[in-house]
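S.K.: attaching a predicted model along with its sequence, questions to come.
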Amino acid sequence: MDTIGRLLVRCPDRQGIVAAVASFLSASGANILSLDQHATAREGGTYFQRTEFALPSGRLDGLRTAFGSDVARTFGMDYTVTDTATPKRVGILVSKIDHCLLDLLWRAQRGDLDVSIEVVVSNHPDLEAAVAPFGVPFVHVPVTPDTKADAEARQAELLAGRVDLVVLARYMQIVSGSLLQAVGCPMINIHHSFLPAFVGAVPYRQAKERGVKLVGATAHYVTEELDQGPIIEQDVVRVSHRNTAADLTRLGADVERSVLSRAVRWHCEDRVVRDGKTTIVF
Ligand SMILES: Nc1nc2c(c(=O)[nH]1)N[C@@H](CN(C=O)c1ccc(C(=O)N[C@@H](CCC(=O)O)C(=O)O)cc1)CN2
């Protein structure tokens, strides 16, 4: 049974990258199944490539090591080599709002999202009963302004080294730079507006007051600066003057769920590469 591997690279653009990667994979006994690439400029830019390949089983670790000392070193590549048979481990941070959390749990349970949700951590106890049927551990870690540092230390204990991705599913606390660093893996947030519009905690109220004709949602990587992380996915839905702020919240919730699940899926399929403040999504 072959291993299906995935190689994601980012490096300074120059001639010969595709040939070098393809030659290396061929010489390693791999058969390329798909290859997507992007260069940010005609010259002097950054080069990105996502390659899926079949490889005789038991050889992926050796290929990863050899690629690092060979092609990656030659071209100055940042790269990852992953085994598509190993689902990414996901931890979810949530507060009281349930729809994004339950959507991810439901999609994972159905096999619609190929991830392993390892733990749900919440600063409120409200959603413990809703999570229980999914068989996923739920840990309540209260957060107050006075206890935030200790709470984040506990969150880090629950997440660091145990998950490959953290998702903020309408988590209503600002994550400190030290927690971001301690967790040591990417973090994705679902913001309930079409960024850069309406940053902050209450975008639907801002949207109603502004009289918008569209509301939306944005999934982005979390950075220390609030709602400024590289955008992964966005979508919108039409609204009108007839809609109350509560209507906007209800209509927006469906968009949040679909945007977040696409962003998590694409990240876990290694389709997303960060390029400064932006992303490349293959
Ligand atoms: N470091 C980051 N942390 C968080 C981000 C981010 O981009 N970077 N996104 C937010 C999500 N969010 C809007 O989508 C958001 C959540 C919370 C707040 C906020 O002001 N929270 C208050 C506490 C509110 C409460 O206790 O109910 C606070 O933390 O002081 C703003 C925006 C998630 N975190």
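M.R.: Yep, it's here.

S.K.: report back the residue of the protein that's furthest from centre.
M.R.: Farthest-out residue of the chain from its mean C-alpha position, per CA atoms, centre = their mean: R242, at 34.7 Å.

S.K.: mind checking how far that one is from A217?
M.R.: Between R242 and A217 the computed distance is 21 Å (CB to CB, to the nearest Å). To be clear about C-beta, it is placed using only N, CA and C from the backbone, and glycine gets the same treatment.

S.K.: repeat for V167
M.R.: Distance from V167 to A217, by CB to CB: 14 Å.

S.K.: try C185
M.R.: When C185 is compared with A217 (using CB to CB), they lie 23 Å apart.

S.K.: between the two, which is the more surrounded one?
M.R.: More crowded of C185 and A217, by other CB atoms under 10 Å: A217, with 27 against 17.

S.K.: alongside the ligand, which residues does this protein contribute?
M.R.: Contact residues (CB under 6 Å from any ligand atom) of the chain with the ligand: 168, 171-175, 189, 191, 200-201, 222-224, 226-227, 229.

S.K.: can you tell me which of the residues you listed are buried?
M.R.: Using 16 or more other CB atoms under 10 Å as the burial test, these include 168, 171, 173, 175, 189, 191, 222-223, 227, 229 as buried.

S.K.: which secondary structure elements does the lengthiest helix in the chain contact?
M.R.: Longest helix of the chain, by residue count under DSSP state H: helix 245-268. On a contact count with 3 or more CB pairs under 8 Å, 6 or more residues apart in numbering; DSSP states H and E, helix 245-268 meets strand 88-94, helix 99-110, strand 165-168, strand 187-191, helix 203-210, strand 214-221, strand 231-238.

S.K.: of all the residues in the following helix or strand past that helix, which ones are buried?
M.R.: Downstream of helix 245-268, the next assigned helix or strand under DSSP states H and E is strand 272-275. Neighbour-count burial for strand 272-275, with 16+ other CB under 10 Å as criterion, is recorded at 272-274.

S.K.: ok, stretch 126-138 next?
M.R.: Per 16+ other CB under 10 Å, stretch 126-138 contains these buried residues: 127, 131, 134, 136, 138.

S.K.: for stretch 3-21, same thing?
M.R.: 3, 5-11, 13, 17, 20-21.

S.K.: how long is it end to end?
M.R.: 18 Å (CA to CA, to the nearest Å).

S.K.: please state the offset of that stretch from the chain centre?
M.R.: Mean-position distance between stretch 3-21 and its chain equals 22 Å (CA atoms, centre = their mean, to the nearest Å).

S.K.: ditto for stretch 21-41
M.R.: Offset of stretch 21-41 from its chain centre (CA atoms, centre = their mean): 24 Å.

S.K.: how long is that stretch end to end?
M.R.: First-to-last residue span, stretch 21-41, CA to CA: 20 Å.

S.K.: stretch 11-21 now?
M.R.: With CA to CA applied, stretch 11-21 spans 12 Å between its terminal residues.

S.K.: and if you look at stretch 134-142?
M.R.: End-to-end distance of stretch 134-142 (CA to CA): 22 Å.

S.K.: contacts for that stretch, please.
M.R.: 105-106, 108-109, 117-125, 127-128, 131-132, 151, 154-155, 158 (CB atoms under 8 Å, 6 or more residues apart in numbering).

S.K.: take the residues you listed and keep only those in helices.
M.R.: Among these, DSSP H puts 105-106, 108-109, 128, 131, 151, 154-155, 158 in helices.

S.K.: quick check, nearest of the residues you listed to T82?
M.R.: A108 (18.2 Å; CB to CB).

S.K.: in this structure, which helix or strand is least confident?
M.R.: helix 203-210 (a mean of 93; mean pLDDT, DSSP states H and E).

S.K.: about what we covered before: give me the buried entries from the contacts of stretch 134-142.
M.R.: Buried among the contacts of stretch 134-142 (16+ other CB under 10 Å): 105, 108, 117-123, 127, 131, 151, 155, 158.

S.K.: nothing else from me, thank you.
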